[in-house]
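>>> Coordinates for the following, if possible.
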Amino acid sequence: MSDLRQPPPKNPAAVPDADGGRDNGGAEPYVLVVEDDPVINELVGAYARLAGLGYRGAMTGDAAFQELRQRRPAMIVLDVMLPDLDGFEICRRIKSQPDTAPVPVVMLTALHDDEYRER
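I've put the predicted structure just below:
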């Protein structure tokens, strides 16, 4: 596991990724973590690794869509509040596409208002 005290990655839209393969065709299943806080992103990725899954990270919605164009994750962990698009819009777009609609999405947020939980 990488040291969580490392400085953020040089590319602000990507987090250093571990394993995970193209299209998931025969490659190890992985979790795509979309979270703009690099420490939380790495922490969720560490839990994915402990569960025996690969991990790829994205810190913006655009970076997540770039990743989805290249690979199919087994699951997506998606923050609600991101710098470019909110997580609800990202989830809507993912679920509106036939090739990504089957991918499970887990929403991650620090928001505690019931309005957000019901969306």
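>>> Could you list every helix and strand that the longest helix along the chain packs against?
Using DSSP state H to define each element, the chain has its longest helix at helix 38-50. Packing partners of helix 38-50 (3 or more CB pairs under 8 Å, 6 or more residues apart in numbering; DSSP states H and E): strand 14-15, strand 30-34, strand 54-58, strand 75-79. The way it works is simple: take the backbone N, C-alpha and C, and place the C-beta from them, glycine included.
>>> pLDDT below threshold where in this structure?
Applying pLDDT under 70 to the chain picks out residues 1-26, 111-119.
>>> Could you give the bridge partners of the residue nearest the centre of it?
Nearest to the mean C-alpha position of the chain, by CA atoms, centre = their mean, lies Val33 at 2.1 Å. Counting by DSSP bridges, Val33 is bridged to Gly57, Val77.
>>> how about it, what does it touch?
Listed by CB atoms under 8 Å, 6 or more residues apart in numbering, the contact set of Val33 reads Val15, Asn41, Val44, Gly45, Ala48, Tyr55, Arg56, Gly57, Ala58, Ile76, Val77.
>>> Thanks a lot, catch you later.
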